[in-house]
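A.B. asks: Take a look and give me a structure for this.
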Amino acid sequence: MNRNIVKILDKGFSDISAGEKMLISSPEKISEFIYAIPKGSFLSIKELRQGLAVKAGADKTCPVTTGIFLRMAIEQHKGNVNFPYWRVVDEKHPVVKKLNLDGSQIKKKRVNEGLPR
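C.D. replies: The predicted model follows:
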């Protein structure tokens, strides 16, 4: 699935109210978005979700699928030193342990870009 799906919610879900447009993204779209984050910039997961939503013409992005697809995107790019996932994930993020990523490498990349620690 390399496309975005936008649905109008009948009832509220998480931080999304009934009647709002919710984006269900994909690992590929999340990867594209992460690649576009400028060097030296950091987005929280909430900011990532909002950026994805705005780009797709939605109000918010589904928090559940965003977490799943972020993990899948990082897995798909594992070993690709040019995929800047450290611009949305720090060394303490739960995905680091789940994917057996090197927290010290993430910290080093973040320091090199002047990102918050």
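A.B. asks: quick one: contacts for the residue lying closest to residue 115 once chain neighbours are set aside?
C.D. replies: In this structure, residue 115 finds its nearest non-sequential neighbour in residue 42, 4.6 Å apart by Cβ to Cβ, 6 or more residues apart in numbering. Every C-beta, even on glycine, is put in place using the N, C-alpha and C of the backbone. The contact partners of residue 42, by Cβ atoms under 8 Å, 6 or more residues apart in numbering, come to 87, 88, 110, 115, 116.
A.B. asks: Columns distance to residue 3 and pLDDT on top of these, output as CSV?
C.D. replies: As requested, those are exported to CSV (distance: Cβ to Cβ, whole Å; pLDDT from 0 to 100):
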residue, distance to residue 3, pLDDT
87, 23, 96
88, 21, 95
110, 31, 93
115, 30, 89
116, 32, 74
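A.B. asks: Taking those together, which two end up most distant?
C.D. replies: With distances taken as Cβ to Cβ, the most widely separated pair in the contacts of residue 42 is 88 and 116, at 12.1 Å.
A.B. asks: ok, residue 67 - how many residues close by?
C.D. replies: Look at residue 67: counted by other Cβ atoms under 10 Å, it has 14 neighbours.
A.B. asks: So which elements touch the host helix or strand of it?
C.D. replies: According to DSSP states H and E, residue 67 maps onto helix 63-76. Under the contact definition 3 or more Cβ pairs under 8 Å, 6 or more residues apart in numbering; DSSP states H and E, helix 63-76 sits against helix 27-35, helix 45-56, helix 94-98.
A.B. asks: what do you get if the cut-off is 10 Å, keeping everything else the same?
C.D. replies: Helix 63-76 is packed against strand 21-24, helix 27-35, helix 45-56, helix 94-98, with contacts defined by 3 or more Cβ pairs under 10 Å, 6 or more residues apart in numbering; DSSP states H and E.
A.B. asks: All good on my end, thank you.
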